[in-house]
Each structure stands twice: as structure tokens, then as C-alpha cells.
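Peer 1: Provided below for reference: sequence and predicted model.
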There are 2 protein chains.
Amino acid sequence: MIPADRRTADSVESMAATRDAEVRPLRRDAADNRRRLLAAAETVFAAHGLDAPVEEIARVAGVGMGTLYRRFPTKDALITELVRELLTDVLRAAREALAVPGGDGLEQFLGAAAESHIAHRGCLPRLWSSPDTDALRQEVREVMLQLFLDAQEHRRVRADADISDVDLVLWSLSGVIETTHGQSETAWRRGLAIIVAGLRPAGGALTEPALSPSALQEIRGRTPTG
Amino acid sequence: MIPADRRTADSVESMAATRDAEVRPLRRDAADNRRRLLAAAETVFAAHGLDAPVEEIARVAGVGMGTLYRRFPTKDALITELVRELLTDVLRAAREALAVPGGDGLEQFLGAAAESHIAHRGCLPRLWSSPDTDALRQEVREVMLQLFLDAQEHRRVRADADISDVDLVLWSLSGVIETTHGQSETAWRRGLAIIVAGLRPAGGALTEPALSPSALQEIRGRTPTG
DNA sequence: TTTCAGGCGGAGTGTTCACTCCTCTTACTT
DNA sequence: AAGTAAGAGGAGTGAACACTCCGCCTGAAA
């Protein structure tokens, strides 16, 4: 969306400017505007996609362009911040699911993750490829692995399932959510029910091998394409 | 991608100009260029997404801008033509699958459809929302329904499955293919294996209801968002 | 209350991109 | 072989958009 050669934000600096409230607290009006901008961005992106002009976001937030660009050095930084919110939601859901007994945490997590995806629908296309959120994604994966192992131990998931299958489920959910958005906010539930049934031990053996670790690694570590 | 107010092609006329060779056959150079443009568009869109500039397509095809725009009145028309190719592939696959005995046509079709998606990866984002291809999509759906009923009759698909679940599978595959493209062209196979296992009769009852007919209707009949 | 760093708005800038226009060229027809 | 309708090419056009600049304003520290 943003041509690669037009502007290259210093990501580290931008993160510091937009996250580290402890460095120097934002003035109250500035903090308000920041929150309003994020909310507006979510609304606008959800309605018109990531191609929506930033001017529209500023208008919905009720601030000027200058304000938007003092809070977020680039449009990309704004999107990344939304992705960070989404991933934070997902991480919280994953940790909560760890407390679910009987190996059912994984399924609960998948549902909660889908809900988060819906809530942040606008930035879904960047979920798996936004920079500056790798650490967060890594944390999510670690918890996901625990949830998966727990589910498998309790025989809630077939023995020939693989941790990479959890990634596949999330990618599938993305597809369903993106395709049905605006028409049905619950279609994914049925899709998830089917996929979960496919992960249960009852079905016949899976004839396709899981993703190879290297392929998985590459897909997970992907950075945005220019 | 193309601002709604910038250009509104007369779709009917454009279809006639780009499809009905019988009205007046294109001159040979023109027909050649048309083919080269479609091939180039596929390549370029697959590599850089639908946001790739048309100039790049013209360059790859080895023709000028004027030529591109004489063959396709808008960028959208070019994309629509690619979607039409994709849907034609899918329709052929669906009809071939009708001949598969034992209710296994549906599964074969799903695999073949995914292969077509990969082959036309670039235009995937428009698959479910491109105008001027409704008739084709409708034909695909009719054959899909037959495949589904056949599979269910042969107990290859659980009794509580619904035709809308086939749509869900395709949307899921889109998500997996889009997320893994460039890193793995076969990840979808594993995803499909899991989903198919979920559709088999063996698993427990699906706790989520199928999409309501009206919701399905709306999602299927969707036109592109501006 | 004063001071001023930090914040605000919004017109302006440069670039990209879809699409057009016009001149020169070429493949079919007769 | 000549005539011509159709085609080719590519610089040019206008609009949209991400981002900047700068004069005015305000919350909070002293």
C-alpha cells in the first residue's frame, strides 16, 4: 500500500515514540488524540480496507493531519499499532485458555482468537506479516504450543496432528472471516467446528504430511512484501 | 484499488469487446498481444499483488500502454478476465469430478479447485467479489451442489453437513493459500486433509449450525466494495 | 500568573498511478 | 498492389494520496 521507496520509518524510534509512555508522558490532549486515532483507524480500515486514505482517519478522529503524523510517523506505524493490539488480545486469550482443564484450552483459544480477528477486522491482512510485532507473535506461539500439547495429551486432538496445524486453522479462519465480513460475523464458528472435528482423534489418518519445520519457519517469519 | 469515481467502465460493452471473438475476429497481432497481456498480468499480480501498476504489466507483456487499454478498457476489466479464467478452470474441474465414483468427486474437486487457485494466485482477492462473472460462479455452484449431494449419499460426508460448508472449505483454502504463498505451494493440502476429515461422518456432531440460507445468499452475491 | 515545550490544524508538496490522445504502423481486403 | 480500418506506442494528464511545514494554541511546570 505504501510504496517501499516513499518513506522508511525508523521502526525502533517509532515504537519508542508511540509506546513508551514512561519516557515522558504525553500531554492529556495528545494522549486522547492518540486513542481516538487508533479507534478511528480501526473503524475506517474495517469499513474501507487498509487502502483507506489517512485523511479519512483524521477526519473520523476529529483531528488534523499534523496531529495524526505527530502520533504515528507513518501510516504503516499506525497499522502496526493496530496489529499489536490484535496480537495482545490474542496473547491474553491464549494465556487464559491455559487455565481451561481437560485439554479444551486449545479449542477455546481458537474461538477467542477468531473473535479478536473480527474485532480488529480491518488490519487482518497484516496480521501475519507486520514488522515490529515479531516478539509478540513469538510469545503467542509459545503459549499456542503449550495449548496444543495439552490438548494432545488429553486426546482432544488426534495423535498425528502437528503444531503447524494450529497455524493452518488460524489462516483458514482468516480466509473465512475476510470473505464473510459484513455479511456474517459468525460464519467462522461453523468453519471452526468443522476444522476442530477434523482435528479430533475420531477421523481416519491424515494422508497429508504436516508442514515441514523449515517451511513453517519461513511462513511464520515472513516480512511484508513490497 | 481503483477509486470508484475515477472510471466506470460499461461492463456489458467491455465484455463484448474482450470476449466475443465472433463479432469480428481480432487481428493476429492484437490477439497475440491480448494473450500476452493476460499472461503478464497473471505473473505480475502473482508477484506483486493486485496493486501492481498496469505499466509493469505492459512492460512484461512487451506492449505499450495504448495497446493494453485498447484490449482491456480498465484495469478492473483485466482482473475480471483473469477471474473468469480461474472460474472456468474450477468449473471444468467440478464437471470432471462428477464422473468420479463412490462419492469421492467432492474431495477431488476441492483439491483441483485449490490447484486452480494457486495457478491464478494473483487474482484470488477478487475471486468471490468480481462482477461480470456471476453466471460462471452460479454454474460452479450448481455442480458443487451435485458433488455434495453425491458425497453425502455415499456417506463420504457427515449427515449434518450442509452445502454451505463447501463454501466454507473454499474460503478457508483461500486463507491458507494467501498466507502461505511464496513459501509453500502445498501447505493447503494438509489444511484440506484436516477439513475433509472434519466433514467425514466419523466425528461427533457439529455443534454450530450451518450458515442460514439468507446469509449464504448475501455472501455469495456480494459485489466488490468500493 | 507566567512561560514555553509540546501540541494542533490544514494548506501545500511531490509522487504515483490509472487512463487518454495522437501520430505512426500493420495486417487483412479487394 | 493499394487502400484502409484497426492496431501500436508512449509521452502526457489529472486526480488521489502519503507525508510536510509552519503559524497559532494550550496544558502543565515553576
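Peer 2: Ah, there it is.

Peer 1: which residues touch the closest residue to A:Leu216 other than its chain neighbours?
Peer 2: Sequence neighbours aside, A:Ser164 is the residue nearest to A:Leu216 in space, at 4.7 Å (criterion: Cβ to Cβ, 6 or more residues apart in numbering or on different chains). From N, CA and C alone the C-beta is placed, and that goes for glycine too. The neighbourhood of A:Ser164, defined by Cβ atoms under 8 Å, 6 or more residues apart in numbering or on different chains, consists of A:210-211, A:216, B:190.

Peer 1: A:Val140 too?
Peer 2: A:87, A:90-91, A:94.

Peer 1: Out of the residues you listed, which sit inside helices?
Peer 2: Counting by DSSP state H, the contacts of A:Val140 place A:87, A:90-91, A:94 in helices.

Peer 1: possible to save those residues as a markdown table with pLDDT, distance to A:Thr67 and neighbour count?
Peer 2: What follows is the ones in helices among the contacts of A:Val140, written out as a markdown table (pLDDT from 0 to 100; distance: Cβ to Cβ, whole Å; neighbours: other Cβ atoms under 10 Å in any protein chain shown):
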| residue | pLDDT | distance to A:Thr67 | neighbour count |
| --- | --- | --- | --- |
| A:Leu87 | 97 | 26 | 21 |
| A:Val90 | 98 | 29 | 26 |
| A:Leu91 | 98 | 30 | 20 |
| A:Ala94 | 98 | 35 | 24 |
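
Peer 1: Nearest to DNA strand D among those residues?
Peer 2: DNA strand D lies nearest to A:Leu87 out of these, by Cβ to the nearest atom of the strand, at 21.4 Å.

Peer 1: By average pLDDT, which secondary structure element in chain A comes out worst?
Peer 2: helix A:11-19 (a mean of 37; mean pLDDT, DSSP states H and E).

Peer 1: I'd like the next helix or strand past that one.
Peer 2: Remark: after helix A:11-19, the chain's next helix or strand is helix A:28-48, criterion DSSP states H and E.

Peer 1: Are that next one and DNA strand C in contact anywhere?
Peer 2: Yes: for helix A:28-48 and DNA strand C, the contact criterion (Cβ under 7 Å from any atom of the strand) is met by A:29-30, A:32-33.

Peer 1: who touches that helix?
Peer 2: A:18, A:25-26, A:52, A:56-58, A:60-63, A:67-68, A:70-72, A:78-79, A:81-82, A:85, A:120-123, A:181, B:225-226.

Peer 1: same check, this time on stretch A:141-161
Peer 2: Under Cβ under 8 Å, 6+ apart, the answer for stretch A:141-161 is A:91, A:94-95, A:97-98, A:102-107, A:109, A:163, A:166, A:199-203, A:205-206, A:210, A:220, B:194.

Peer 1: mind listing what's buried in it?
Peer 2: Using 16 or more other Cβ atoms under 10 Å in any protein chain shown as the test for burial, stretch A:141-161 gives A:141, A:143-144, A:146-148, A:150-152, A:156-158, A:161.

Peer 1: Please apply the same query to stretch A:179-197.
Peer 2: Here stretch A:179-197 shows A:179-181, A:183-184, A:187-197 as buried, counting by 16+ other Cβ under 10 Å.

Peer 1: pull the CA atoms of whichever strand or helix holds A:Leu173 into CSV?
Peer 2: Counting by DSSP H and E, the element that carries A:Leu173 is helix A:163-180. Extracted in CSV, the C-alpha atoms of helix A:163-180 (Å, rounded to 0.1, in the frame of the first residue of the first chain):
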residue,chain,number,x,y,z
ILE,A,163,1.6,-27.8,16.0
SER,A,164,1.7,-26.4,12.5
ASP,A,165,-1.9,-27.5,12.1
VAL,A,166,-2.8,-24.8,14.6
ASP,A,167,-1.3,-22.2,12.3
LEU,A,168,-3.3,-23.7,9.4
VAL,A,169,-6.5,-23.4,11.4
LEU,A,170,-5.8,-19.7,12.1
TRP,A,171,-5.0,-19.0,8.5
SER,A,172,-8.2,-20.8,7.5
LEU,A,173,-10.2,-18.7,9.9
SER,A,174,-8.7,-15.5,8.4
GLY,A,175,-9.9,-16.6,5.0
VAL,A,176,-13.4,-17.3,6.2
ILE,A,177,-13.6,-14.0,8.2
GLU,A,178,-12.3,-11.9,5.4
THR,A,179,-14.7,-13.5,2.9
THR,A,180,-17.8,-13.3,5.1
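
Peer 1: Tell me how chain A divides into domains.
Peer 2: Structurally, chain A divides into domains by automatic domain parsing as follows: A:11-73, A:83-220.

Peer 1: of the contacts of stretch A:141-161, buried ones?
Peer 2: A:91, A:94-95, A:97, A:103, A:105-107, A:109, A:163, A:166, A:199-200, A:203, A:206, A:210, A:220, B:194.

Peer 1: hang on, the earlier thing: which of the contacts of stretch A:141-161 fall within helices?
Peer 2: Counting by DSSP H, these place A:91, A:94-95, A:97, A:105-107, A:109, A:163, A:166, A:199, A:220, B:194 in helices.
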